[in-house]
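In: just need the structure, nothing else, for what follows:
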Amino acid sequence: MQGSADVRAFGALEDGRATRLFTLRAPGIVATVGDYGATLVALEVPDRDGTSGGVVLGFDSVTGYETRTNNPFMGASVGRVANRIAGARFTLDGVEHVLHANEGDNHLHGGRQTSFDRMLWDVVESSADRIVLRHVSPDGDAGYPGTLSVEAEYAVGPSELRITYRASTDARTPVNMTQHAYFNLAGEHGVTITDHVLRVDAATWTPVDAALIPTGETVDVSGGPFDLRDGTVLGKGIAMLGEAGYGDGYDHNLWLGGETGRLREVAELSDPVSGRRMVLASDQPCLQVYTGNRLGRATGRGGVVFPVHGGICLEPQHAPDSVHRPEWPSIVLDPGEEYEHRIAYRFSTTRSS
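Out: The predicted structure is shown next:
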């Protein structure tokens with residue numbers, strides 16, 4: 001598609017720097033990306049009646065994203081390392097690296113102080129259907145070794161949003177990025193996702209301790225709340241989790257089927273009311289499923305207070321705390337190598353029953 005992106009102001013940061021929104025369009029989809037945090041701010045697709053509406057939660061201005069207490073990584077490009085690192089430290093090549101601890105004693109989603117979602121990214125390219133943003137994370141940033149150069153590319157095609165993360169480094173360092181959009185296919189009106197149906201191609205899951213740090217086991221999903229292979233109504237799955245003592249919703253890692261490194265369809269989310277259906281394709285080994293268990297405090301677009309379970313995050317990535325699990329696929333990036341992570345969200349509608 002020729003032409004330029006629709007660009008508009010999104011407000012100023014606390015330090016006075018201006019931020020912008022870039023709106024990308026293709027048949028059946030409109031995506032809005034912010035240069036603050038390389039954030040997916042809004043995503044619009046039609047329902048079964050052809051009425052277009054928002055399907056990701058977000059805020060009216062950049063202030064909502066910059067305010068720490070109000071923003072649970074909404075639409076964030078997460079890095080350097082998504083999910084949790086136990087003890088906020090790891091040892092690489094005999095050297096211990098101490099990270100920012102931002103969830104108790106542990107490190108979550110890049111540490112929050114200089115995490116990628118809190119940085120103002122440079123726009124490298126933009127057009128009517130594509131944008132590429134870049135950020136350079138210096139050596140020692142949040143405690144990580146090496147200078148890491150990162151790109152986030154968003155592109156739309158007919159009823160599809162594609163995201164590609166790329167990174168290179170001048171020293172060995174762990175990298176495990178993801179996209180943290182909160183999806184609600186029913187809309188942005190303060191309803192929950194408990195009626196949504198989620199299917200995930202995963203035969204095993206990762207048990208965690210009370211701090212949500214993996215124990216190191218991988219367990220068969222058969223017969224329990226983590227068996228999403230045939231599709232589960234999320235409200236039913238959340239209830240099963242509670243009955244089994246696993247908490248008040250999903251915040252767990254599933255090991256995906258198929259070949260890691262190849263973009264393949266790994267999950268499907270559908271809403272019976274709107275008829276919207278989203279298929280997630282990923283090239284990663286794992287998927288973190290999070291059902292917005294800590295929502296209920298954030299006020300979003302249009303003054304809507306997001307309820308608990310008001311959105312679901314489907315976060316393709318490597319397993320949490322992989323830096324402490326040499327038996328799992330490595331997340332360490334070497335100089336001269338390129339980290340690449342591809343995600344695709346494919347939308348369609350179903351007929352009413």
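In: can I get the worst-scoring helix or strand of the chain on mean pLDDT in PDB, CA atoms only?
Out: Lowest by mean pLDDT, DSSP states H and E among the helices and strands of the chain is helix 62-66, with a mean of 95. Output in PDB follows, covering the C-alpha atoms of helix 62-66 (Å, rounded to 0.1, in the frame of the first residue of the first chain):
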ATOM      1  CA  VAL A  62       0.300   9.000  26.700                       C
ATOM      2  CA  THR A  63      -0.200  10.000  30.400                       C
ATOM      3  CA  GLY A  64      -2.100   6.800  30.900                       C
ATOM      4  CA  TYR A  65       0.900   4.800  29.700                       C
ATOM      5  CA  GLU A  66       3.500   6.800  31.600                       C
END
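In: who touches that helix?
Out: With contacts defined as CB atoms under 8 Å, 6 or more residues apart in numbering, helix 62-66 is touched by 10-14, 19, 34, 36-37, 39, 58-59, 70-71, 74, 117-118, 298-300. Glycine gets a C-beta too; all of them are placed from N, C-alpha and C.
In: and the closest residue to residue 43 other than its chain neighbours, what does it touch?
Out: In space, and not counting its chain neighbours, residue 43 is closest to residue 56: 4.6 Å by CB to CB, 6 or more residues apart in numbering. Applying CB under 8 Å, 6+ apart, we find residue 56 in contact with 40, 42-43, 75, 181-184, 188, 311.
In: got the residues you listed as CSV, with distance to residue 103 and secondary structure columns?
Out: CSV is the format used below for those (distance: CB to CB, whole Å; DSSP: H, G, I helix; E, B strand; the rest coil):
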residue, distance to residue 103, secondary structure
40, 23, strand
42, 27, strand
43, 27, strand
75, 19, coil
181, 20, coil
182, 18, coil
183, 23, strand
184, 24, coil
188, 27, coil
311, 19, coil
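In: which strand residues bridge the one residue sitting closest to the centre of the chain?
Out: By CA atoms, centre = their mean, the mean C-alpha position of the chain lies nearest to residue 180, the distance being 2.1 Å. Per DSSP bridges, residues listed as beta-bridge partners of residue 180: residue 76.
In: from residue 343, how far off is it?
Out: For residue 180, the distance to residue 343 equals 11 Å [CB to CB, to the nearest Å].
In: show me where pLDDT drops low in the stretch 201-350 of the chain?
Out: For the stretch 201-350 of the chain, no stretch has pLDDT under 70.
In: strands of that one, start to end?
Out: 202-206, 219-220, 232-233, 251-256, 264-270, 276-282, 286-290, 313-317, 332-333, 339-349 (DSSP state E, counting those that start in this stretch).
In: now do the stretch 51-200 of the chain
Out: Using DSSP E, counting those that start in this stretch, the strands assigned to the stretch 51-200 of the chain run over residues 52-54, 76-78, 84-85, 89-92, 95-98, 107-108, 122-126, 130-137, 148-157, 160-169, 173-174, 178-180, 197-200.
In: turn the ones you listed into TSV, including mean pLDDT and distance to residue 329.
Out: Shown next, in TSV, are the strands of the stretch 51-200 of the chain (pLDDT from 0 to 100; distance: least, CB to CB, whole Å):
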stretch	mean pLDDT	distance to residue 329
strand 52-54	97	35
strand 76-78	97	18
strand 84-85	98	16
strand 89-92	98	15
strand 95-98	98	20
strand 107-108	97	19
strand 122-126	97	29
strand 130-137	98	22
strand 148-157	98	19
strand 160-169	98	16
strand 173-174	98	12
strand 178-180	98	15
strand 197-200	98	18
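In: distance to residue 306 added to the ones you listed, as CSV?
Out: Below are these laid out as CSV (distance: least, CB to CB, whole Å):
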stretch, distance to residue 306
strand 52-54, 13
strand 76-78, 15
strand 84-85, 22
strand 89-92, 33
strand 95-98, 34
strand 107-108, 19
strand 122-126, 28
strand 130-137, 26
strand 148-157, 23
strand 160-169, 21
strand 173-174, 31
strand 178-180, 14
strand 197-200, 19
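In: closest one to residue 287 among those?
Out: Among those, strand 197-200 comes nearest to residue 287, with 6.2 Å by CB to CB.
In: other SSEs contacting the closest one?
Out: strand 232-233, helix 234-243, strand 264-270, strand 286-290 (3 or more CB pairs under 8 Å, 6 or more residues apart in numbering; DSSP states H and E).
In: now for the ones you listed, which one comes closest to residue 125?
Out: strand 264-270 (27.3 Å).
In: using PDB, write down the CA coordinates of the closest one.
Out: In PDB, the C-alpha atoms belonging to strand 264-270 read as follows (Å, rounded to 0.1, in the frame of the first residue of the first chain):
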ATOM      1  CA  ARG A 264       2.500 -21.400  12.800                       C
ATOM      2  CA  GLU A 265      -1.000 -20.900  14.200                       C
ATOM      3  CA  VAL A 266      -0.900 -21.800  17.900                       C
ATOM      4  CA  ALA A 267      -4.000 -20.300  19.500                       C
ATOM      5  CA  GLU A 268      -7.500 -19.100  18.800                       C
ATOM      6  CA  LEU A 269      -9.700 -16.600  20.700                       C
ATOM      7  CA  SER A 270     -13.400 -16.100  19.900                       C
END
